[in-house]
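>>> Here is the input, now give the coordinates:
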Amino acid sequence: MADSYEASASGADTRVAEFEQTRRSPLGHLQHLLHNYPTLVPIFILLLSVAVFAVVTDGRLLSGLAIKITLEQTAIVGILACAQTLIILTAGIDLSVGAVMVLSYVAMGHMAVTYGWPPSISIMAGLFLAMAIGAVNGLLVTRIKLPPFIVTLGMWQIVLATVFLYTGSQSIRSQDIDAAAPLLKLFGERVEIGDWSLRIMGAPTIYAVVLMLGLFVLFWYVLNHTAWGRQVYAVGDDIEAAELAGVQTKRVLLSVYIVAGFIVGIAAWAAIGRVGSISPSSFAEANLDSIAAVVIGGTSLFGGRGTIMGTLFGALTVGVFATGLKLAGANPQWVLFASGCLIILAVALDQWIRRISV
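Purely as a prediction, here's the structure:
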């Protein structure tokens, strides 16, 4: 009789479970799907953006020239967004990446062009400078326990002021770079081996684009297939639980800021080739664009959730919006407007996905 009761109870549980499952609405199924596969969100946003702007621009967005411009614009933002993703995954944020990149490439340029240092040494010094600033940010966050937002906001102002005080708002011309240190412009050159030229969707490609794609592949592997990557996710998801599990959270956080600084230094080198000159006033919206790419890419601002490949699609979306609005003849300020709207929409969507009921 007890067996009969248990069987009936088990059957009731099964029926209840089946009933609960059948009650899930189509919207609920979509919510679960996006929760399990967060990269689908930025892919959908990117495809929708391409479709809309292809219609608005009468197909000009899909031309070889437009694709070339979009990829080249995306390259620097994408590399910065790669660094930003690592920090946001730990539930932090870095408002200083754009300013640090400018300081780094200003340092590279002046060391090589103004002071006559060997280009390779100048590049290494610029990379070290970016990593040192990342280390300072990391130490302030981990040792003094200051909020990342406040630390990087202050660092952004300090670095930007330093750039303008040092340079006097003066640029280094492209001709001077060509004469003294052409290696600085390496990533602005087309990828050509003999008579063969690398093309993406028919558009000639510069080394900066290849560099960006290579960094995303590298950090996809690092975040998904190494102990350090799993620790980064663990720290962002629940830092106290990570400590109880034996993760040295302070060391992981510090390493994240240093690695992010290194990536920003790489972006600085690529930016010289992309622009061709060194101007302290360039990349004024780099911080906003990098954050927009990460958030549109599905990485949660609360940490512990997101994918590096989602950020790549987010960066491409930012590039499509910038190119599409220009081709449509819109005021450049609409690019900022669109980025702001996309950030709000992406955060709202992230909150909706996080409220999933399992």
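>>> give the contact list for Ile200.
By Cβ atoms under 8 Å, 6 or more residues apart in numbering, the contact set of Ile200 is Ile67, Leu71, Val209. The C-beta positions use only the backbone N, C-alpha and C, and glycine is treated the same way.
>>> model confidence over stretch 98-115, on average?
On average, the pLDDT along stretch 98-115 is 94.
>>> next one: that stretch to chain centre, how far?
22 Å (Cα atoms, centre = their mean, to the nearest Å).
>>> now do stretch 309-329
Taking the mean of its C-alpha atoms, stretch 309-329 sits 13 Å from the chain's own mean (Cα atoms, centre = their mean).
>>> Buried residues in that stretch, which are they?
309-327 (16 or more other Cβ atoms under 10 Å).
>>> now this structure, which segments are flagged as low pLDDT?
1-24, 30-31, 34-38, 201-202, 354, 356-358 (pLDDT under 70).
>>> now, which of the contacts of Ile200 lie within helices?
Taking DSSP state H, the ones among the contacts of Ile200 that sit in helices are Ile67, Leu71, Val209.
>>> With neighbour count added, can I get the residues you listed in a markdown table?
Shown next, in a markdown table, are these (neighbours: other Cβ atoms under 10 Å):
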| residue | neighbour count |
| --- | --- |
| Ile67 | 21 |
| Leu71 | 23 |
| Val209 | 23 |
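>>> Make CSV out of those and add distance to Thr39.
Shown next, in CSV, are these (distance: Cβ to Cβ, whole Å):
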residue, distance to Thr39
Ile67, 22
Leu71, 20
Val209, 20
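>>> for the contacts of Ile200, which one is nearest Met111?
Nearest to Met111 out of these is Val209 (Cβ to Cβ; 26.2 Å).
>>> For the spatially most central residue of the chain, give me its contacts.
Most central in the chain under Cα atoms, centre = their mean is Ala81, positioned 1.5 Å from the mean C-alpha point. Neighbouring residues of Ala81 by Cβ under 8 Å, 6+ apart: Asp289, Ser290, Ala293, Val294, Gly297, Thr311, Gly314, Ala315.
>>> same for the helix or strand hosting Asn137, what does it pack against?
Element membership for Asn137, per DSSP states H and E: helix 119-142. Judged by 3 or more Cβ pairs under 8 Å, 6 or more residues apart in numbering; DSSP states H and E, the packing partners of helix 119-142 are helix 97-109, helix 148-167, helix 249-275.
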